[in-house]
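1. my questions are about this predicted structure, shown below with the sequence.
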Amino acid sequence: MRYETAVDFEAIQAIDMHVHLEVDSCGHKSMPQEFFDASAAYFKASERTPSVDTIAQLYRENNMAAVLFTIDARTQLNHMPNSIDDLVAGAAKHNDVLIPFGSVDPRTGAEAITEAKRQAQELGVWGFKFHPSVQGFDPSDEQYYPLWAALEELGLPCVFHTGQNGMGAGLPGGAGIKLRYSNPLLLDDIAADFPHLTIIMAHPSVPWQEEANSIATHKANVYIDLSGWSPRYFPESLVRLSNNVLSNKVLFGTDFPLITPQKWLKAFAELPIKEDVVPKVMKTNALKVLGVQA
């Protein structure tokens, strides 16, 4: 079962593939407060934990849809995530603009597989979000292969954080977050061994952008979302390849609430992106990834 959406995919101008809901209706946040404070300072974000209603209104006003998710990092952070059930219920109230993704903690083993199936089959999430650095795991480790096999069987796309981390930035030891888990090369193993699992590498993968470019070029099942950085700071190689070999592989994403759609779009308009590529980035490629169009 897939969550029933009322999004008018023909009418909207864009699909933001990377939007965080960091607090549920009971006020419980996805991670300890120090991580919110550090990332807010890193991104110079004004409102770090907007409600689902606030998020929906923003995207409705901008004639966009948004893929909405949180991160389950209960083992690494010793902190329960905000409720996925609550996230899906909130998205259902605004199903004209919000598309929910789920999240499980891979370090919980068989429990993660059971929960992923529940979120997909009972809640109807459209995909899953993982953050290897925040969740503290190497996604290429074969102990997690049963989870990737289950997700491949479910046929839902998976977003993996890659590259630099705003989470823990500036804190002693980066609050224990290890950057190497976000090297996109770790996802190449998964993409090769699970060819029918759609993988979205989130963000320009600095300092491993060339690796990300290569993987997305080589693997038909791998995409890149352009969230987490102002487009004015995109690596030159990413911009250049987005105009040719990666034109069908790059996806609009902001990382809201850390970056607003307005800020992202203003900077993106300044890039030398070909006119015929822009609609692909903003919507067409996402429709394929989400299974709306073949």
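-> That came through fine. Numbering: from 1, shown residues only.

2. what sits against residue 188?
-> Applying CB atoms under 8 Å, 6 or more residues apart in numbering, we find residue 188 in contact with 140, 211, 215, 218, 219. Where C-beta positions appear, they are placed from N, C-alpha and C, glycine not excepted.

3. now, of those residues, which are buried?
-> Buried members of the contacts of residue 188, counted by 16 or more other CB atoms under 10 Å: 140, 211, 215, 219.

4. what pLDDT does the first one get?
-> Going back to what we said before, that points to residue 140. Note for residue 140: predicted pLDDT of 98.

5. any idea which helix or strand of this structure has the worst average confidence?
-> Lowest by mean pLDDT, DSSP states H and E among the helices and strands of the chain is helix 33-43, with a mean of 67.

6. farthest-apart pair in the contacts of residue 188, please.
-> Farthest apart among the contacts of residue 188 by CB to CB are 140 and 218. That separation is 15.8 Å.

7. what does stretch 283-291 rub up against?
-> Residues outside stretch 283-291 that contact it (CB under 8 Å, 6+ apart): 9, 12-15, 17, 67, 99, 126-127, 155, 157, 198, 200, 223, 248-252, 293-294.

8. doesn't residue 18 fall inside a strand?
-> Yes. Counting by DSSP: H, G, I helix; E, B strand; the rest coil, one finds residue 18 located in a strand.

9. and it, how far is that from residue 257?
-> Computed with CB to CB, to the nearest Å, the distance linking residue 18 and residue 257 is 11 Å.

10. swap in residue 162?
-> 20 Å.

11. please apply the same query to residue 112.
-> Distance from residue 112 to residue 257, by CB to CB: 27 Å.

12. who's in contact with the closest residue to residue 156 other than its chain neighbours?
-> Leaving aside its sequence neighbours, residue 156 sits nearest to residue 127 (CB to CB, 6 or more residues apart in numbering; 4.8 Å). Applying CB under 8 Å, 6+ apart to residue 127 gives the contacts 67, 69, 101, 102, 156, 157, 158, 159, 290.

13. now residue 127: how far from residue 115?
-> For residue 127 relative to residue 115 (CB to CB), the value is 15 Å.

14. likewise residue 136?
-> Separation of residue 136 from residue 115 (CB to CB) stands at 18 Å.

15. for residue 189, same thing?
-> 23 Å.

16. kindly report the same for residue 65.
-> Taken as CB to CB, the span from residue 65 to residue 115 is 25 Å.

17. neighbour count: these two, which is higher?
-> residue 65 (28 against 17; other CB atoms under 10 Å).

18. what's the spacing between the helix or strand where the more buried one lies and its chain's center?
-> Taking DSSP states H and E as the definition, one finds residue 65 inside strand 64-69. Remark: strand 64-69 is offset 10 Å from the chain centroid, using CA atoms, centre = their mean, to the nearest Å.

19. and that strand, what does it pack against?
-> With contacts taken as 3 or more CB pairs under 8 Å, 6 or more residues apart in numbering; DSSP states H and E, strand 64-69 sits against strand 14-20, helix 52-61, helix 84-93, strand 98-100.

20. so which residues make contact with the helix or strand just after the shortest one?
-> Looking back up the chat, that one is strand 98-100. Per DSSP H and E, the first helix or strand lying C-terminal to strand 98-100 is helix 110-118. The contact list for helix 110-118, computed with CB under 8 Å, 6+ apart, reads 102, 104, 105, 106, 108, 128, 146, 147, 150, 151, 154.

21. now residue 289: how far from residue 67?
-> Distance from residue 289 to residue 67, by CB to CB: 9 Å.

22. residue contacts, residue 162?
-> By CB under 8 Å, 6+ apart, the contact set of residue 162 is 182, 183, 184, 187, 201, 202, 203, 205, 208, 212.

23. how about those residues in CSV, adding distance to residue 49, secondary structure and pLDDT?
-> Formatted as CSV, those follow (distance: CB to CB, whole Å; DSSP: H, G, I helix; E, B strand; the rest coil; pLDDT from 0 to 100):
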residue, distance to residue 49, secondary structure, pLDDT
182, 23, helix, 97
183, 29, coil, 98
184, 28, coil, 98
187, 28, helix, 98
201, 26, strand, 98
202, 20, strand, 98
203, 20, coil, 98
205, 26, coil, 97
208, 29, coil, 98
212, 29, helix, 98
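
24. just the buried subset of the residues you listed, please.
-> Neighbour-count burial (16+ other CB under 10 Å) applied to the contacts of residue 162 gives 182, 183, 184, 187, 201, 202, 203, 205, 208, 212.

25. which residues touch the first one?
-> Listed by CB under 8 Å, 6+ apart, the contact set of residue 182 reads 131, 132, 133, 161, 162, 163, 164, 165, 205.
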